[in-house]
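K.L.:
Quick one, what's the 3D model for this:
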Amino acid sequence: MPTKIGVISDTHGLLRPKVCAALSVCDMIIHGGDINKPEIIEELERIAPLYVVRGNNDKEWAEHLPASLTFTIEDCKFFLIHNKKEVLGKPEALAGIDVVIYGHSHKYAQDMIDGRLWLNPGSCGKRRFDQAITFAIMDVDGKDINVEKITISHNNPIK
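P.N.:
The predicted structure is shown next:
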């Protein structure tokens with residue numbers, strides 16, 4: 001049975017009820033930074049185990065959070081960082097990595113680069129820059145990965 005992972009980023013202090021509902025079926029959650037409030041981490045940890053890094057807008061309260069994180073789920077090795085520019089062009093930092101998860105831009109992106117999946121779930125927090133409200137649900141089964149992009153309607157921006 002695959003491991004179901006909720007992948008979010010850039011919540012900026014807002015954890016929407018629709019996002020929480022979608023994450024409630026996940027075995028774990030990955031947050032790519034710009035959390036902005038410790039209460040967001042507490043709420044996510046009540047839903048499922050959490051991997052999280054700090055973002056450029058996470059201040060003193062988040063100093064204990066790592067800037068990057070490497071971990072394994074099933075047979076896939078993950079690298080989590082807020083801004084992908086910090087590792088682009090540094091292949092030694094990504095040796096053996098299968099999946100890179102990042103945030104920062106608020107734009108959903110899913111690409112295969114140099115044989116690894118690069119995933120930016122976009123932003124599911126406060127809407128900025130007229131961007132879509134997005135996140136992802138990922139199923140990992142051994143080394144097999146399936147990613148579903150989730151988009152929340154702008155009609156009711158808070159829910």
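K.L.:
what residue ranges in this protein score low on pLDDT?
P.N.:
Along the chain, the parts satisfying pLDDT under 70 run over 128-129, 154-159.
K.L.:
let's see 90
P.N.:
Residues of the chain that meet the criterion pLDDT under 90 lie in 1, 87-93, 114, 125-132, 152-159.
K.L.:
could you show me where the helices are in this structure, in order?
P.N.:
Ranges of helices within the chain are 17-23, 38-47, based on DSSP state H.
K.L.:
Now do the buried residues in the last one.
P.N.:
By 16 or more other CB atoms under 10 Å, the buried positions in helix 38-47 come out as 40, 41, 44, 47. C-beta: built from backbone N, CA, C; applies to glycine.
K.L.:
what's the spacing between residue 148 and residue 93?
P.N.:
According to CB to CB, to the nearest Å, residue 148 stands 28 Å off from residue 93.
K.L.:
Looking only at neighbour counts, state which of these two leads.
P.N.:
A count of neighbours by other CB atoms under 10 Å puts residue 93 above the other of residue 148 and residue 93, at 15 against 12.
K.L.:
Identify the residue nearest the more buried one in space, chain neighbours excluded?
P.N.:
Distance criterion CB to CB, 6 or more residues apart in numbering; nearest residue to residue 93, sequence neighbours excluded, is residue 87 at 4.9 Å.
K.L.:
That neighbour touches residue 79, doesn't it?
P.N.:
Yes - with contacts counted by CB atoms under 8 Å, residue 87 reaches residue 79, the gap being 7.2 Å.
K.L.:
Residue 33: how many residues sit nearby?
P.N.:
Residue 33: 27 surrounding residues under other CB under 10 Å.
K.L.:
which residues does it contact?
P.N.:
Residue 33 makes contact with 9, 10, 52, 53, 54, 55, 56, 58, 81, 82, 103, 104 under the criterion CB atoms under 8 Å, 6 or more residues apart in numbering.
K.L.:
switch the cut-off to 10 Å
P.N.:
Residue 33 makes contact with 9-11, 52-58, 62, 65-68, 80-83, 102-104 under the criterion CB atoms under 10 Å, 6 or more residues apart in numbering.
K.L.:
hmm, back to that, now for residue 87 and residue 79: what residues contact both?
P.N.:
When contacts are counted by CB under 10 Å, 6+ apart, residue 87 and residue 79 have 68, 93, 94, 97, 100, 102, 118 as shared neighbours.
K.L.:
Tell me the one of the buried residues of helix 38-47 nearest residue 24?
P.N.:
Looking at the buried residues of helix 38-47 and their distance to residue 24, the nearest is residue 47, at 5.9 Å (CB to CB).
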